[in-house]
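Chemist: only geometry, no sequence info:
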């Protein structure tokens with residue numbers, strides 16, 4: 001694992017149901033094994049079935065039709081994403097959620113998931129390192145950013161959350 005790059009990934013969706021809701025944004029910070037940033041990117045994906053979206057989810061992730069007008073379709077976005085993250089170890093805050101949506105959509109579009117099979121979860125790392133702290137009840141990205149004085153400029157925007165996750169990972173690994 002030491003020779004693989006990392007992809008700090010966050011996605012935004014139209015809801016929590018993998019079978020009903022869609023990915024509308026992917027944010028990613030790609031680093032080398034020493035955590036030097038190679039590339040940062042964000043892909044907006046035009047939803048095909050906005051009528052199935054959860055209104056709360058759309059409000060949380062700041063969806064509005066105008067900002068997504070020039071977005072990619074799902075296939076285009078996943079092709080670009082797959083090329084950029086080839087061989088990377090996925091790192092995320094609650095990585096299982098993002099990984100499940102990505103894997104489902106890779107299968108749905110018949111695009112190969114080129115991520116390395118190992119994944120790292122910053123919630124699990126935070127729990128392992130901090131669970132005995134008496135003042136810590138939540139391990140959300142928002143709470144972890146507060147604790148470590150990390151500025152997340154635009155919470156629930158995929159790239160901003162991916163950048164915050166990258167900074168959180170660096171802080172956690174220095175403990």
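Modeler: Perfect, thanks for sending it. Here the structure is a predicted model, which is why all the values come from computation and not from measurement.

Chemist: can you give me the helices in this protein?
Modeler: Using DSSP state H, the helices of the chain run over 55-60, 65-68, 74-84, 95-109, 122-130, 141-147, 158-173.

Chemist: winner for burial among these?
Modeler: helix 158-173 (a mean of 22; mean count of other C-beta atoms under 10 Å). To be clear about C-beta, it is placed using only N, CA and C from the backbone, and glycine gets the same treatment.

Chemist: what angle sits between it and helix 95-109?
Modeler: Counting by axes from the mean of the first three to the mean of the last three C-alpha atoms, to 10 degrees, helix 158-173 lies at 140 degrees to helix 95-109.

Chemist: now the angle from helix 158-173 to helix 122-130?
Modeler: Using the same axes, to 10 degrees: helix 158-173 against helix 122-130 is 20 degrees.

Chemist: helices and strands around helix 158-173, which ones?
Modeler: strand 6-13, strand 23-31, strand 37-44, strand 89-92, helix 122-130, helix 141-147 (3 or more C-beta pairs under 8 Å, 6 or more residues apart in numbering; DSSP states H and E).

Chemist: quick one: that helix to chain centroid distance?
Modeler: 10 Å (C-alpha atoms, centre = their mean, to the nearest Å).

Chemist: got it, and stretch 129-139?
Modeler: 23 Å.

Chemist: measure that stretch end to end?
Modeler: Start-to-end span of stretch 129-139 (C-alpha to C-alpha, to the nearest Å) is 11 Å.

Chemist: beta-bridge partners for the nearest residue to residue 71 once chain neighbours are set aside, please?
Modeler: Of all residues not flanking residue 71 in the chain, residue 44 sits nearest, at 3.7 Å (C-beta to C-beta, 6 or more residues apart in numbering). Here residue 44 sits in beta bridges with residue 25, going by DSSP bridges.

Chemist: if we can go back for a sec, would you reformat the helices of the chain as CSV and include mean pLDDT and distance to residue 23?
Modeler: Formatted as CSV, the helices of the chain follow (pLDDT from 0 to 100; distance: least, C-beta to C-beta, whole Å):
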stretch, mean pLDDT, distance to residue 23
helix 55-60, 97, 11
helix 65-68, 96, 12
helix 74-84, 98, 7
helix 95-109, 98, 6
helix 122-130, 97, 20
helix 141-147, 97, 18
helix 158-173, 98, 9
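
Chemist: residue contacts, the nearest residue to residue 151 once chain neighbours are set aside?
Modeler: Spatial nearest neighbour of residue 151, excluding adjacent residues (C-beta to C-beta, 6+ apart): residue 145 at 7.4 Å. Counting by C-beta atoms under 8 Å, 6 or more residues apart in numbering, residue 145 touches 151, 152, 164, 167, 168.
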